[in-house]
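> got a sequence here, can you build the structure:
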Amino acid sequence: MSQVRTKTAGTIKKGSKRGDDQRSNCAVEATLGVIGGRWKGVVLYWLLGGKLRFGELRRRVPNCSERMLTLQLRELEEDGLVSRTVYAEVPPRVEYELTAFGRSLEPILLGMREWGERYKRRLT
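Next up, the predicted model:
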């Protein structure tokens, strides 16, 4: 079974707003520009557990439309946080996993999960 790894250079195109902190000159803005949004953090969190196929991610993030999930994964791949492997099979199989750079977000994502759990308990 052959496989093809897609581009994971992790370079942001010129003119891109993601990762741009020029308005506030704050690195937090740059971080949120790359991982912010409704679904990216959730996708990154699920990928902490290892490789997942698109359908598995779709089941774990059921309120995210297929189109939105695809767009979020493309942006995460473009920013060098996620790698995409396409297997030359019929039907094609595609797997997503965190890059080493993406894995560097693990303490942040786990901290966000912990904070979210405390916040949810506070609301009840």
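
> how close does the residue most central in space within the chain sit to residue 74?
Compute the mean C-alpha point of the chain, and by Cα atoms, centre = their mean the closest residue is residue 44, 4.1 Å away. Residue 44 sits 14 Å away from residue 74, going by Cβ to Cβ, to the nearest Å. (C-beta placed from N, C-alpha, C; glycine too.)

> hmm, back to that, quickly find the element holding the residue nearest to the centre of the chain.
Residue 44 is part of helix 40-47 when elements are defined by DSSP states H and E.

> packing partners for that helix?
helix 27-35, helix 54-60, helix 66-78, strand 82-87, strand 93-98, helix 106-123 (3 or more Cβ pairs under 8 Å, 6 or more residues apart in numbering; DSSP states H and E).

> paired strands for the fifth one, with orientation please.
The strands beside strand 93-98 in its sheet (DSSP bridges) come out as strand 52-53 (antiparallel), strand 82-87 (antiparallel).

> ok, which of these comes nearest residue 59?
Residue 59 sits nearest to strand 52-53 of all the strands paired with strand 93-98, at 9.5 Å, using Cβ to Cβ.

> sounds good, over and out.
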